[in-house]
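> got a predicted structure here, sequence first:
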Amino acid sequence: MAKAISTTAAAPLLRVPPHNAEAERGVLGSILLDASRVMDLCLAQGLTTEAFYVPQNRALFNILKLMHQDNIAIDMITVSERLRTSGLLENVGGAAFIEQLIDQTPTSAHAEYYIELVSQKHLLRCIIDCSRETETSCYDSGQSADLVLSTAEQAFLNIAERQRGFIGTWSEAVNDTVSHVFRLLDLGPGGISGLPTGLKNLDNITRGLRSGEMIVLAARPSMGKTSLAMNIAECLALGQQMNGQPMEGGHNRPHAVAVFSLEMSQEALALRMLCGLAEVSAFRIERGLVGTKTVGDLITRAASKLHKAPLYVDDTGGIDVMEMRARARRMKKKYNIELIVIDYLQIVNCREAARQGRQQETSAISSNIKAMAKELKVPVLVLSQLSRNPEQRGDKSAKPKLSDLRDSGAIEQDADVVLLLRRPCKYPGSDGADDKRLAIVDIAKHRNGPTGEVNLNFEDSLTRFYDRAFDQPRSDDGVEPDPADVGPM
């Protein structure tokens, strides 16, 4: 019987991992000749102890790094003494090895070249290690192919991030910050530094959704948090405010938005957005309580606007957070997305932390979402459920607090901005309960700005939020927004 032919080429056995022993010795010798300059070069380029493949070179570099951190003079005598007191002198080859390193390195002028060679070989070894781990995972039947792919993609990205992490300098950061400050000054009193939400009353305090930030929108069920998030996504995708006016400050253009909808299907979101933009009740359409001709024209006009909107909806249920990061990364690369919406955090999964309990799993999910915002340099608006504590406190208004964020305190810690949404009409006896349209967004946490409450109007039949006319949102810094910035409904 003919033998089955494997389609996978057999990997050569007993291959020595990539390394350059001569370059490693060149780095060590250069440090011994000019410690202050060469050690600074090593640290600036992110050269770690693990970058040295030869064990004795690795041990010696670790000692040199510790001596540099302790401001101890580095030469053949001091290094030999430090190795002797640490019991490592014979392990690295004795004092003769130290002397040999100095003799073999006539000058430290080529230190940068040696450091680059060592770094490149270390990078290749890291890639090999990731590849082997991925190969092992492929043979593990306990993991899905999607999870293996997303984990591998994240592992390789982490290698790249470590390589890029040491490029920026403090002077560059200061210059970039100065440029950012001048851009803010050019915007004037009414400008915002982030992406506008389409609701001026909200932007007056938050100053928009900033890149790299994790914004949590939390509420009890049926308060309208999905509606508010999708209203913001719609405004950005169309480049217009909720009142239909073009966005200001150069934002009157389509912005690509990614939506991870774990609770609602893509079709349900499209129907809600279409009916809202057409200002037609979806409930009345389903019941046949509207005129076909009139509603048809409204829906057609709304569809023509939404048809080309750069909205990318992923409605995979129970998605793993690592897989979500991988998909968001691809969307960023392919569509240049500027905002990510996640609906909602408590139904995202994290297989790696699932066995550690729901609190630890939620903490891992939250930290991954925050890392995703920083990695992709876009704001991430993540929806979250609140616990039952607001109703159980006996307060008629059932005003939520930061501590009511469900499952884990890590959400509160990781978030840059926390918006707590409530509607007084849901709680009879509370202030404003008679106003069926009143919705209150409490900015309970704002890492880079003030906190305060914002009043909005909510049209329940259209699932749409609007600025509340003549509303003057106050913040805890005592500054009131310009009345000209608060548009009528």
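Noted; the coordinates are in hand.

> ok now stretch 20-28, how far from the chain's centre?
Here the centre of stretch 20-28 is set off from its chain's centre by 38 Å, with Cα atoms, centre = their mean, to the nearest Å.

> now do it: everything it contacts.
Residues outside stretch 20-28 that contact it (Cβ atoms under 8 Å, 6 or more residues apart in numbering): 38, 42, 47, 52-54, 57, 60-61, 64, 101, 104-105, 110-111, 114-115, 117-118, 121. Backbone N, C-alpha and C define where each C-beta goes, glycine included.

> report the buried residues of that stretch.
20, 23-28 (16 or more other Cβ atoms under 10 Å).

> ok, now stretch 270-283?
272-278, 280-282.

> which helices and strands does the longest helix seen in the chain pack with?
Ranked by residue count under DSSP state H, the longest helix found in the chain is helix 111-138. Taking 3 or more Cβ pairs under 8 Å, 6 or more residues apart in numbering; DSSP states H and E as contact, the helices and strands that helix 111-138 lies on are helix 21-33, helix 35-44, helix 145-164.

> confirm that Asp442 sits in a strand.
Yes: in this structure, Asp442 lies within a strand as judged by DSSP: H, G, I helix; E, B strand; the rest coil.

> give me the spatial nearest neighbour of it, chain neighbours excluded.
Leu420 (4.2 Å; Cβ to Cβ, 6 or more residues apart in numbering).

> isn't that neighbour right next to Leu386, touching?
Yes: A contact is recorded between Leu420 and Leu386 when judged using Cβ atoms under 8 Å, the distance being 7.5 Å.

> between these two, which one's more packed in?
Higher neighbour count among Leu420 and Leu386: Leu420, with 27 against 23, using other Cβ atoms under 10 Å.

> which strands or helices does whatever helix or strand that one lives in pack on?
Using DSSP states H and E, the element containing Leu420 is strand 417-422. Counting contacts by 3+ Cβ pairs under 8 Å, 6+ apart, strand 417-422 packs against strand 214-219, strand 438-446.

> give me the sheet partners of the longest one and which way each runs.
Strands flanking strand 438-446 in the sheet, each with its direction: strand 417-422 (antiparallel), strand 452-459 (antiparallel) (DSSP bridges).

> could you pull out the strands for the chain?
214-219, 257-261, 311-314, 339-343, 380-385, 417-422, 438-446, 452-459, 464-467 (DSSP state E).

> thinking again about what came up before, quick one: common contacting residues for Leu420 and Leu386?
If you check Leu420 and Leu386 against Cβ under 8 Å, 6+ apart, the residues they both contact are 218-219, 400, 404.

> returning to what we had before: can you list the buried residues of stretch 270-283 in JSON lines and add distance to Lys396 and pLDDT?
Conversion of these to JSON lines gives the following (distance: Cβ to Cβ, whole Å; pLDDT from 0 to 100):
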{"residue": "Arg272", "distance to Lys396": "31", "pLDDT": "86"}
{"residue": "Met273", "distance to Lys396": "34", "pLDDT": "85"}
{"residue": "Leu274", "distance to Lys396": "37", "pLDDT": "85"}
{"residue": "Cys275", "distance to Lys396": "33", "pLDDT": "85"}
{"residue": "Gly276", "distance to Lys396": "31", "pLDDT": "84"}
{"residue": "Leu277", "distance to Lys396": "36", "pLDDT": "85"}
{"residue": "Ala278", "distance to Lys396": "37", "pLDDT": "82"}
{"residue": "Val280", "distance to Lys396": "35", "pLDDT": "81"}
{"residue": "Ser281", "distance to Lys396": "30", "pLDDT": "79"}
{"residue": "Ala282", "distance to Lys396": "32", "pLDDT": "78"}
